[in-house]
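Asker: what shape does this take:
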Amino acid sequence: IAMIFIIVPLFFPATEMLGIDPVHFGMVVVLCWGIGQQTPPVGAALFITSAIAKVDMLSLTRANLPFIGVMLLVLLAVILFPEILVLSVPRALGL
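Answerer: All right, here's what the predicted structure looks like:
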């Protein structure tokens, strides 16, 4: 959550100047945050899971790689196709 309070105010004016929709920017930030929570060396979720399950980091990271791969593919799809994947619902609601 702290990352959102630091990163968003820094980059939001630039995204507005570039014409990037705020909802799309928010979705990309949240997806990147989720990926960052699961990847070493900073991944807090990975460290917490390792401690709770009493599993070493290497085997946990190996088991987590398919999920990280899927999250990266979703991030790529959201970046490439924002009108279909992100902005269709806000547009339908008139937002």
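Asker: what about the one helix or strand residue 26 maps to, distance to the chain center?
Answerer: Counting by DSSP states H and E, the secondary-structure element that holds residue 26 is helix 22-38. The gap between where helix 22-38 is centred and where its chain is centred comes out at 3 Å by Cα atoms, centre = their mean, to the nearest Å.
Asker: ok, residues contacting that helix?
Answerer: Contact with helix 22-38 is made by 3-4, 7-8, 11-12, 15-16, 42-46, 64, 67-68, 71-72, 74-75, 78-79, 82, 86-87, 90, 95, as judged by Cβ atoms under 8 Å, 6 or more residues apart in numbering. For every residue, glycine as well, the C-beta is placed using N, CA and C.
Asker: next step: these restricted to helices.
Answerer: With helices taken from DSSP state H, the overlap with these comprises 3-4, 7-8, 11-12, 15-16, 44-46, 64, 67-68, 71-72, 74-75, 78-79, 82, 90.
Asker: give me the buried entries from the residues you listed.
Answerer: If you count burial by 16 or more other Cβ atoms under 10 Å, the buried members of those come out as 15, 46, 64, 68, 71, 75, 78, 82.
Asker: so the second one touches residue 64, yeah?
Answerer: Translated: residue 46. Yes: applying Cβ atoms under 8 Å as the test, residue 46 and residue 64 come out as touching, 6.8 Å apart.
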